[in-house]
Structures are given as structure tokens and as C-alpha cells.
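Enquirer: this one's structure only:
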């Protein structure tokens, strides 16, 4: 053993030092907890600002929300936003909050406000397009340099950030401080720049939303007359539905385990669906000790504070409980009760009925006794309650009383359980609280981080990889085959058929379900190592990794087409869909990128669509050449229309080749430098492939305007049905026709019958609008679309032009009988029947015997531009 030598062991800490060190560690933990709390507040505020930019419907709501949340992060009580109005060319201030200065619009008229702002710090940031953090020194330097002038009250610090959209400054967001203890730095500057990006985006989105609302408003006006007739019936029906729904909700609420405050808030929301209840409270009688009245729910525009529990006295609520029957009182009734001493004689300080316009009170029966009251009241003469509202509330109050009774019973039982659990948990709660909170915070941060990473790379609807993630994997596959030349992969570009029809008929909810079911079916067609992604809309892509032959991709495509051809059950009905698939193989190009492969697969998919959908096409060199050739032809056709290189051709419409024409059919032809003469049908087919049909028709109408003065006969013009499918296209056609220097009675417009059968609704409405211009209308290609005769009765058409195949062939008995039926139907409906494509006299005589009196084609001749036939 060691003996005590009288010396103290210097290495052992004294008890006081140990305590001091522990206190320092506690202080560091507190500072760390404060930093975590600050970071959490900043993150939550930024998320809220991001959410506001997608939820608000007006700029004012967005600016107010931004202001409310930014004040949680920095000193922003003095905050305003200036925006540039492109129409007026001036700066405006849509939102302004300042401790000292009033809104600049109060001091300066609208015409002067822009000039004043441009001379100040706001105008400086707007002109330079750069953020500015300004203190008194910087402010003085800018004034001395002549950049700005002093405006408003002097501030300690001023921070302004430009709002930019598409590299153009569209406004300025500003915070300033008059407090010398407040300082802004780089953190506040970065925060303000982040907020400015959201403001730029929401301004552009709200602009498009306003245009959409204008279109909706126009459509609403068109339907207002029909709506007025049904309004009363719909109101009563909805009222009954709301009542039934409310009863179900009250029953569900009674069985729910909501907290007391949430329970009564939900109960108030249900009542508000039935009638206005901005001022509402529920009072219950308590039997604990002295009988008293307490208010578990209270919402009032008169007093925001919930009244404390009080003994029963002679208030208006007690008057209702005393009589035990529903009451509907107006202000005069309440004054009469006061004067009679029935209410507020003992407790006048409780009287807050002076501003009430109407008051409804209904007793609540709990445990077969009147134990509470449900009350609503109005403060404005514009809000009047009727006896039917009292009856409705009385009926609902029976269910409310039952729900409250069950809630009180459940709470009583829950309190017993809670008291027992509190005694058990009291001994362990203190030690576990700090550790549990820390673990939960770490876990929550990890979950948020994982969710953010997942959301950034996956489609929110289907959970599949999105464009970003898929392109990343495709780029990795391209790099792999560059390193390993013998390996190859395939890219499948899938476009679903009839997806727009599903959205338009069944709604977007069923459209989403259709996409989810499609994704599920596609997964069953590929291997685990393959990648299925969604680019957006109804476009899916599949990366088939490590295939042996191109036939592997074709086999997968066939499985996909077979799987998607099975009916989908949407909205309790079966819906048939399909797909068009484009295939691109990696080793078919020496220098390939992810973008080029996706482009090739997309081009192959469009070829599959052009072949009638429900098939697949593999992209190859021929397809690339065809795509290039089609693009060249499209550019040449655009140049030909721009340089007026197309020729106008006149085809007589006559009853005999030797007689004068009764009308002229106008069309365009093209003398191509490589392909020679391109007739009207061939030219229109090319325009259809290049999506230039509408532009070609506008060019034809422009040429007709130039020759209108020389025309002495009615004109037949063939137009694309695309003019009738969209409002803007139909409006453009109407404007072009109005400017024609030609009598509208001499103008015949023909639209393809087959397109009419595919889109009858738009044809009926579009032809009706064109008919109001006074032009005559007809259907061309008649006999190929198999139009129901009842459709012809709905269309304002005067003529039917037969398909060219009917005008050229002959001798077929079935075809002859079909023509006889068409003639009979046309005569019965009073329509003129014209044969097109007539090439020889023999066929024309057979058509005349069937009753067709007008025809056009090679037999009657054609005349190029400059040789216009007349009626002589």
C-alpha cells in the first residue's frame, strides 16, 4: 500500500472544476440546439414560400404570403415590391408595408410615380439589374455620383433585389430597416434573390391563368341562360344532398377520435356547408359543482376571445335553455326581451347583442335533457336567415347532440386511461425526452433528404424514373457501348393512343389512373435490369439493356402492344387503347448520344403513328433519310408559299364537257424543280404530312382575293377540317373570308366527309358559324366516310361532292346501287350532288343516267392561273 505523503494529487479534478466543465458543455448544447432551431425555421419558411408560389391565385395573395414568411427570417417589417407594367411602360408598387412612409401612390399620382421610383434606389436596381445592399455610406456615394436622389424617410439599411424573367428585369423586391441594431448581410441577400425567382415565376403563371380565366368567363356567359333555368332545381337538389352529406359526416365525426378542438372545428365546418355560420358558438351546461355554462367552440366577429366559463344567469343563451325550443330572433325581438327584463337584467355586462341583426338558437339534447345550445347569428342586413334555416338547423341539431354526447362519453373514458398512463410514464419521460427528440429530428431529416432525392428523379404520378433520371441512365448505356463495342442496347419510345380522349371524356382523374395502370402493365413486359421511365404526358420510354439482337426489342414491342390492347376499366366502363412504338438500336450509329437516340426513337414512333397506330417501327438509315427528305420538302413548301411560287388552277364544274361551266373549283399546284408537276391532291397530301394544311388554305384564299375581280362564276374551295377543330383557327378563317372581295353567295366551301365523321361535334358547330357569314357549304369525298343521314340534317350544307373513286370506276352493280341511294338521299334532303374525278365521257353518261347533273375532272378540263374560264 502507498502511504499518504502529505501531497495532493494534482491530476484529479476538483469537484468545482467538474461542475464548471459540465456547465460549459450544457451551454454549448444550448447554442447548438438554437442553431438547429434557426435552421429548421429557415427551411420551413423557404418551403412555405415555395408552396405559396404554386397555390395562390392572385399576385396580391402571393406578395402578402411572402411578406408574412420572410419576416420570420429577417427584419422585414418595411417591405415592398415594384413591378414593371409592359402595357403602360411604368413601374408600379402592388405591395407596400412601411413603418414610417405611406404608400407612394398616396403622395404621387400614377403618372409621376414611375419617374419618382426610377430616380431612387428602386430605379437604380431596376436599371442595373443587380442586387444592392445599401447603408448610409453607400447611399451618400450614389447621391454624389448622380445615380439616385433621396426619397422617403432615412433608413439604416436598404436591400433591393431585381426580379428577372428570361434574362429581363421585370421588377424589384425591397426590404429596409430604420433600426440601427438591424444589419443585413450575404445570408439576407441570398434569401431575397431566392424569393425573387419565385416572384418572377408566379407573375408569368398568373398571367397565363388570367388568360385562361378570360376564356372560361366567355364560355360561362354562353351557358348562363341554360344555367338560370336549372339553377333553382339544382339549388334544391344540392341542398338536400348537402343535408344528407352533413348527416353522414356528423355520424362519422361522432365515431372519430379527434381532439376536442378539432372535433368542434369539424362540426362547425359541417354546419357552414348548410348555411352561413361566420358567427357561431356551442354552449354546454356543466354539472361539476355549481351548474355553469362553458363554450367548447366559439367563433365571433364581435369578440375574438372565447368567453370563460360562467355561472348560469339571465343571458340570451340561458333564455333559450330555459324555454327549450328553437328561436329565430331579429334585433327588435332581442330589444323587446331586454325591455321586458327577460334577458340581461341580472348581468348586463354580458350583453353583446347591440350589433346583431338576427339570432338563431337551437337547444341541444344530451342524455335526453337540454344540456346545451347551438347558436348562429348575423351582423349584416345582407345576411338574412329564414324559417327554413331554423328548421334545417333544428333537424341537424338532433344529430349534433348525439355526436356531442358520444364525444363526451369517449372523453370521459379517455381521461381515465390518460390518468393511468401518466402515472406509468411520468418516471421515464424526463430521461427519454431529450434523446427521443434528437433521434426523431435526425430520422426526420434523413427521411426528408431521401424523399427530396427520390422526388427529383422520379415521376410523381407513376413513381417511374423521370426524364432527368432516364436520360442519365441512357447516357451511361451509351458510354458503356462505346467502351464495349460488341454490346448493344435498344431504346423504345412509346406513345399511348386515345389518351386525350380519356382526359376529355372521363376526366383527368381517370386519365391518371389510366397512366398508372399502363405503367404497371409495361413493367410486366420487361426484365428487372431494364429501365422504364415516363417523359411526361402519355409518353413512356424503355431502355432494354444488353440485348443480343434487334429482334429482342421487336419481341418486347409485340408484348407491349398485346398487353396494352387489353381493355382498361376506367370509370366503371371498359376503354380500349393501344400504343405506337419507335425503336432505336445503339449500334446503328457510329457517333450516338443519348439525345440523338431519343430523337431517333421519337421519329420512329411518329412513323408508327402515321401507319395507323397500334404498331412499332425500327429506326434505320432509310428512316433517317426519309425524315431528312420530309424536312427538306417542308422547308421548300414554306419557301414556295412565301415566294408565291404555287400556281392557282381552275377546274370547271359543269353538266357537259361542251357547255359553259356553272362554277369553278379552285386549287393550288406546284412545279417542283426535282419532282416536276405536283397536282392539287399530291400537294395537299404533302401539306398534311408537314402540318401545313391550314397555311396552304390561307395561301389559296389569298390567291383567290387577287383574282376575285376577274371571276364571273361561283367558286368551289376545298378546305382542311383543321379549321373547325380549334377556335383560333376557325376565327382566323372567318376573318380571311370576310376580307374576300367576292360575294359570299358565290363562295362554296367544301370539307372532307371522313374528317366530319371522326369529329362530328366540332364540324356541326364550326359549319354553323361559317354559315352565318352567308357562304355556301358542302362535303367532299362523299361516300367514303359513311356519314349517317341524320348528321346531314344537322349540318347547314347545300352540296355533296362525291369521292373521286366513285367518279372514275364503273360497271360495278353494288357501286351503282350505292350511287342511286346517294342520289335519292340528296334529292330527299334538297342537296346538290357533284361527281369529281370524271375522266371519260362514257362514265359521265352513266352518272347522268343515275341522276347526277354536275361533274368536274379531266373530262371538263383544267385552266392554269391567268386563263380563267368564264360563263360565255
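Expert: Cool, got the structure. Note that this is a predicted model, so its numbers are computed, not measured.

Enquirer: Spatially central residue for this protein, please.
Expert: Nearest to the mean C-alpha position of the chain, by Cα atoms, centre = their mean, lies residue 209 at 8.8 Å.

Enquirer: Make sure that residue is indeed in a helix.
Expert: Yes: counting by DSSP: H, G, I helix; E, B strand; the rest coil, residue 209 is part of a helix.

Enquirer: For the residue lying closest to it once chain neighbours are set aside, identify the helix or strand it belongs to.
Expert: Nearest residue to residue 209, sequence neighbours excluded (Cβ to Cβ, 6 or more residues apart in numbering): residue 57, at 7.1 Å. Backbone N, C-alpha and C define where each C-beta goes, glycine included. Secondary structure assignment for residue 57, by DSSP states H and E: no helix or strand.

Enquirer: before we move on, the earlier item: okay, the residue nearest to the centre of the chain: pLDDT?
Expert: Listed pLDDT for residue 209 reads 77.

Enquirer: how close does it get to residue 94?
Expert: Taking Cβ to Cβ, to the nearest Å as the measure, residue 209 falls 16 Å from residue 94.

Enquirer: Repeat that for residue 297.
Expert: 37 Å.

Enquirer: low-confidence ranges in the stretch 1-150 of the chain?
Expert: 1-15, 38, 42, 53, 110 (pLDDT under 70).

Enquirer: ok, back up a step: would you mind confirming that the residue nearest to the centre of the chain is in contact with residue 56?
Expert: No: if you go by Cβ atoms under 8 Å, residue 209 and residue 56 don't touch, sitting 10.0 Å apart.

Enquirer: looking at this structure, which helix or strand is least sure?
Expert: Lowest by mean pLDDT, DSSP states H and E among the helices and strands of the chain is strand 863-864, with a mean of 68.

Enquirer: can you pull the buried residues of stretch 79-86?
Expert: 79-84 (16 or more other Cβ atoms under 10 Å).

Enquirer: could you pull out the helices for the stretch 701-850 of the chain?
Expert: For the stretch 701-850 of the chain, the helices defined by DSSP state H, counting those that start in this stretch occupy 727-738, 753-758, 760-771, 789-794, 804-808, 813-829, 841-849.

Enquirer: With the stretch 201-350 of the chain instead?
Expert: 260-274, 316-323, 331-339.

Enquirer: Return the most buried member of these.
Expert: helix 316-323 (a mean of 20; mean count of other Cβ atoms under 10 Å).

Enquirer: what angle sits between it and helix 331-339?
Expert: 80 degrees (axes from the mean of the first three to the mean of the last three Cα atoms, to 10 degrees).

Enquirer: and helix 316-323, what does it pack onto?
Expert: If you count contacts as 3 or more Cβ pairs under 8 Å, 6 or more residues apart in numbering; DSSP states H and E, helix 316-323 packs onto helix 331-339, strand 358-366, strand 369-378.

Enquirer: Turn those into TSV, including mean pLDDT and distance to residue 750.
Expert: Below are those laid out as TSV (pLDDT from 0 to 100; distance: least, Cβ to Cβ, whole Å):
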stretch	mean pLDDT	distance to residue 750
helix 331-339	91	72
strand 358-366	91	66
strand 369-378	90	64
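
Enquirer: Can you say which of the ones you listed is nearest to residue 248?
Expert: strand 369-378 (18.7 Å; Cβ to Cβ).

Enquirer: Point out where the stretch 151-300 of the chain drops to low pLDDT.
Expert: By pLDDT under 70, the low-scoring segments of the stretch 151-300 of the chain are 207, 288-290.

Enquirer: now the helices of the stretch 201-350 of the chain as TSV including distance to residue 65?
Expert: Shown next, in TSV, are the helices of the stretch 201-350 of the chain (distance: least, Cβ to Cβ, whole Å):
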stretch	distance to residue 65
helix 260-274	22
helix 316-323	38
helix 331-339	38
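
Enquirer: Determine which of the helices and strands packed on helix 316-323 approaches residue 155 most closely.
Expert: Taking Cβ to Cβ, strand 369-378 is the member of the helices and strands packed on helix 316-323 nearest to residue 155, at 45.7 Å.

Enquirer: relative to helix 316-323, how tilted is that closest one?
Expert: With the same axes, to 10 degrees as the basis, strand 369-378 and helix 316-323 are set at 140 degrees to each other.

Enquirer: Give me the contact list for strand 369-378.
Expert: By Cβ atoms under 8 Å, 6 or more residues apart in numbering, the surrounding residues in contact with strand 369-378 are 271, 275-285, 317, 320-321, 324, 356-366, 384-385, 393, 397, 400-401, 404.

Enquirer: Show me which residues of that strand are buried.
Expert: In strand 369-378, counting by 16+ other Cβ under 10 Å, buried: 370-378.

Enquirer: now stretch 489-501
Expert: Buried positions in stretch 489-501, judged by neighbour count with 16+ other Cβ under 10 Å: 489-499.

Enquirer: Can you flag which of those belong to helices?
Expert: Among the buried residues of stretch 489-501, DSSP state H puts residue 499 in helices.

Enquirer: quick one: pLDDT of the nearest residue to residue 654 once chain neighbours are set aside?
Expert: If the residues on either side of it in the chain are set aside, residue 654 comes closest to residue 661, at 4.7 Å by Cβ to Cβ, 6+ apart. Looking at residue 661, its pLDDT is 85.

Enquirer: what about residue 661, is that helix, strand or coil?
Expert: Taking three-state DSSP as the rule, one finds residue 661 in the coil state.

Enquirer: Could you report the neighbour count for it?
Expert: A count of nearby residues for residue 661, using other Cβ atoms under 10 Å, gives 24.

Enquirer: what's the distance between it and residue 856?
Expert: According to Cβ to Cβ, residue 661 stands 9 Å off from residue 856.

Enquirer: can you check residue 554 too?
Expert: 47 Å.

Enquirer: okay, these two: which has more neighbours?
Expert: The neighbour count for residue 554 versus residue 856, taken as other Cβ under 10 Å, is higher for residue 856 (25 against 15).

Enquirer: Out of the helices of the stretch 201-350 of the chain, which is closest to residue 148?
Expert: Closest of these to residue 148 is helix 260-274, at 51.3 Å (criterion: Cβ to Cβ).

Enquirer: mind checking which helix or strand the nearest residue to residue 490 once chain neighbours are set aside is in?
Expert: Closest residue to residue 490 apart from its sequence neighbours, by Cβ to Cβ, 6+ apart: residue 553 at 3.7 Å. If you go by DSSP H and E, residue 553 is part of helix 550-565.

Enquirer: for that helix, packing partners?
Expert: Going by 3+ Cβ pairs under 8 Å, 6+ apart, helix 550-565 lies up against strand 490-496, helix 508-523, strand 539-544, strand 579-585, strand 616-618.

Enquirer: Mean neighbour count for the helices of the stretch 701-850 of the chain - can I get that in JSON lines?
Expert: What follows is those, written out as JSON lines (neighbours: other Cβ atoms under 10 Å):
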{"stretch": "helix 727-738", "mean neighbour count": "15"}
{"stretch": "helix 753-758", "mean neighbour count": "20"}
{"stretch": "helix 760-771", "mean neighbour count": "17"}
{"stretch": "helix 789-794", "mean neighbour count": "12"}
{"stretch": "helix 804-808", "mean neighbour count": "20"}
{"stretch": "helix 813-829", "mean neighbour count": "14"}
{"stretch": "helix 841-849", "mean neighbour count": "15"}
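
Enquirer: can you put those helices in CSV and add distance to residue 25 and mean pLDDT?
Expert: As requested, the helices of the stretch 701-850 of the chain are exported to CSV (distance: least, Cβ to Cβ, whole Å; pLDDT from 0 to 100):
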stretch, distance to residue 25, mean pLDDT
helix 727-738, 71, 90
helix 753-758, 79, 82
helix 760-771, 77, 88
helix 789-794, 87, 75
helix 804-808, 95, 74
helix 813-829, 97, 85
helix 841-849, 106, 86
